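[1] mind looking at a prediction? Sequence and model below.
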Amino acid sequence: MIVLDTSALIDLFRGSDQIQAFVSDDAATTMISCYEIFAGINHRKTEREEQFFRRFFSGIEILDFDMRAAEKAGAIMGQLLSQGTPVNTLDVLIAGTAITNGAERLISRDRDFEKISQVSELAVLIY
């Protein structure tokens, strides 16, 4: 399974062919990314974007943040803090969710995931 991070979802909405290539039957996203998308939609009040994402989310697997994901995310953030390289908390929650659900790779343009991959088993493709 390939997990699309929030930045990849935004680029998909903007029509990126590069991201469209990763949207397949084994693509998924996380509930954390859904939250980030809906926060932006509600802030900007964009009906077209809301319609796009409601339709998109109804057709893709959405991974839940659960206790296993919380434990994994906590371990990742603990290591990053110990190294003095903390990153955005939501990115760590997304990574924990992806790992505990067996993601083969996470797709993002967010460089925080490079730091996360250095302290975890998460394979990341930064585009």
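    Yep, that arrived.
[2] dump the longest helix belonging to the chain to PDB, keeping only the CA atoms.
    Taking DSSP state H as the criterion, the chain has its longest helix at helix 67-83. Output in PDB follows, covering the C-alpha atoms of helix 67-83 (Å, rounded to 0.1, in the frame of the first residue of the first chain):
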ATOM      1  CA  MET A  67      -3.400   3.000  19.900                       C
ATOM      2  CA  ARG A  68      -0.800   1.100  17.900                       C
ATOM      3  CA  ALA A  69      -0.300   4.200  15.700                       C
ATOM      4  CA  ALA A  70      -0.100   6.400  18.800                       C
ATOM      5  CA  GLU A  71       2.600   4.200  20.300                       C
ATOM      6  CA  LYS A  72       4.600   4.100  17.000                       C
ATOM      7  CA  ALA A  73       4.200   7.900  16.500                       C
ATOM      8  CA  GLY A  74       5.300   8.400  20.200                       C
ATOM      9  CA  ALA A  75       8.400   6.300  19.600                       C
ATOM     10  CA  ILE A  76       9.300   8.200  16.400                       C
ATOM     11  CA  MET A  77       8.800  11.600  18.100                       C
ATOM     12  CA  GLY A  78      10.800  10.500  21.100                       C
ATOM     13  CA  GLN A  79      13.800   9.600  18.900                       C
ATOM     14  CA  LEU A  80      13.500  12.800  17.000                       C
ATOM     15  CA  LEU A  81      13.400  14.900  20.200                       C
ATOM     16  CA  SER A  82      16.400  12.900  21.600                       C
ATOM     17  CA  GLN A  83      18.300  13.900  18.400                       C
END
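[3] return the distance of it from the chain's centre.
    Taking the mean C-alpha point of helix 67-83 and that of its whole chain, the gap between them comes to 16 Å (CA atoms, centre = their mean, to the nearest Å).
[4] next structured bit after it?
    Downstream of helix 67-83, the first helix or strand assigned by DSSP states H and E is helix 89-100.
[5] so what secondary structure elements neighbour the worst-scoring helix or strand of the chain on mean pLDDT?
    Counting by mean pLDDT, DSSP states H and E, the chain has its least confident helix or strand at helix 17-20, which shows a mean of 88. Using 3 or more CB pairs under 8 Å, 6 or more residues apart in numbering; DSSP states H and E as the contact criterion, the elements in contact with helix 17-20 are helix 6-13. Every C-beta, even on glycine, is put in place using the N, C-alpha and C of the backbone.
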